[in-house]
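**Q** Quick check, what structure comes out for this input:
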Amino acid sequence: MTAPSPERARLAAALLELKGRTGLSLAGLAAKTAFSKSSWDRYLNGRTLPPRDAVQELCRLAGEPEGRCVALWEIAESEGSGRAAQGPRVLPPTPSPPEEAPPAGATADARDVHRGATLVAVLASVSAVAVGGVAAVVLLLPHRDGEPRASLSPPASAVEPRCRGEVCEGKSPMHMKCAPAPETLASYRTAGGAWLELRYSQECGTSWARMWGTRVGDRLEMSARGDDGEKARAGGVRSAEIRDGVDADSYVYTPMTAARPGTVVRACFHPAEGGGTECFDSTVVR
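**A** Next comes the predicted model:
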């Protein structure tokens, strides 16, 4: 069995600590979340990168502000392998759920101490994790009103992509480091419950699509055309397929295609079981 990457192992250790805090078994986690017992086993052992939603759900169950673990997840996701290969309902990106309120009776000083501890832990993670120049970490910084705010450190511009434009055609956005801070052009939820996103990297001048919450055999295709209606030069259809249960529990990405402002990017989802093809598109505006 291949050992998990350092980024994934660090995330798994943090999640395992939170699981211990909940007092729940794997079956208990499955009963209280949208993820199965076998999925949690893979997430907590670092064999599979969990969806962001799973990280957030475990934080809520443990009563832990989600900032530190989401930061570790973003690092692991950025450094991951990206193993890929009526009308449409285009939705905005799924918002992060609100944080749990502090325990009843907690004083303002106690809340500040808790936030300070969280900040120290995240700063330690920043120092420990800077693989390939990537350290996109969310820091929880208190406002005067007591609510956290998120900031990214360092900026995505500190990450040097390995390709640009047509040189990126057919390549993985993860391997080429085009995915530390891409723009989500559009999000879409299929009739079967899978989530899809169209992504764009201004630094790389490319677009791709990703999917999660899928089933084995599901397939996602992505293509791009210029504002003149022609297919993007050297482009064509890029596709990814869910090949096994590990894929079904992970984000799976299509390869990239070159894109620039005015390019129309289109994704089509082909479910393995029942239902017809579902497509949606969006236009690169910058």
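**Q** residue boundaries of the strands in this structure?
**A** Counting by DSSP state E, the chain has strands at residues 90-91, 137-138, 141-142, 148-149, 152-153, 183-189, 195-201, 206-212, 219-225, 238-241, 252-253, 257-258, 264-270, 278-283.
**Q** With distance to Cys69 added, can I get the ones you listed in CSV?
**A** To be clear about C-beta, it is placed using only N, CA and C from the backbone, and glycine gets the same treatment. Formatted as CSV, the strands of the chain follow (distance: least, Cβ to Cβ, whole Å):
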stretch, distance to Cys69
strand 90-91, 25
strand 137-138, 10
strand 141-142, 17
strand 148-149, 14
strand 152-153, 16
strand 183-189, 21
strand 195-201, 20
strand 206-212, 17
strand 219-225, 27
strand 238-241, 26
strand 252-253, 22
strand 257-258, 33
strand 264-270, 29
strand 278-283, 30
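**Q** Adding mean neighbour count, write the ones you listed out as CSV.
**A** Formatted as CSV, these follow (neighbours: other Cβ atoms under 10 Å):
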stretch, mean neighbour count
strand 90-91, 14
strand 137-138, 23
strand 141-142, 14
strand 148-149, 14
strand 152-153, 14
strand 183-189, 18
strand 195-201, 24
strand 206-212, 29
strand 219-225, 22
strand 238-241, 21
strand 252-253, 25
strand 257-258, 24
strand 264-270, 21
strand 278-283, 19
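**Q** Comparing those strands by mean pLDDT, which bottoms out?
**A** Here the strands of the chain differ in mean pLDDT, and the lowest is strand 141-142 at a mean of 31.
**Q** Can you say which of the strands of the chain is nearest to Gly63?
**A** strand 148-149 (14.8 Å; Cβ to Cβ).
**Q** Dump stretch 54-62 to CSV, restricted to CA.
**A** Extracted as CSV, the C-alpha positions of stretch 54-62 are listed here (Å, rounded to 0.1, in the frame of the first residue of the first chain):
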residue,chain,number,x,y,z
ALA,A,54,-16.5,15.7,5.5
VAL,A,55,-13.8,17.8,7.2
GLN,A,56,-16.3,20.5,8.1
GLU,A,57,-18.8,18.0,9.4
LEU,A,58,-16.2,16.4,11.7
CYS,A,59,-15.2,19.8,13.0
ARG,A,60,-18.8,20.6,13.9
LEU,A,61,-19.3,17.2,15.7
ALA,A,62,-16.1,17.9,17.7
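**Q** and for it, what are the contacting residues?
**A** Stretch 54-62 has contacts (Cβ atoms under 8 Å, 6 or more residues apart in numbering) with 11, 15, 18-19, 21-22, 24, 29, 32-35, 39-40, 43, 65-66, 69-70, 73, 96-97, 100.
**Q** And the strands of the chain: which comes nearest Pro173?
**A** strand 206-212 (5.1 Å).
**Q** Below-threshold pLDDT in the stretch 51-200 of the chain: ranges please.
**A** Residue ranges of the stretch 51-200 of the chain with pLDDT under 70: 79-159.
**Q** hang on, Pro255 packs against Val237?
**A** No - judged on Cβ atoms under 8 Å, Pro255 makes no contact with Val237 at a distance of 10.1 Å.
**Q** who's more crowded, these two?
**A** Set Pro255 next to Val237 and count neighbours by other Cβ atoms under 10 Å: Pro255 wins out with 22 against 13.
**Q** Now that one: phi and psi?
**A** phi -60, psi 170 (degrees, to the nearest 10).
**Q** Could you number the chain from 58 rather than 1 from now on?
**A** Will do, 58 is the new start, and the previous item becomes Pro312.
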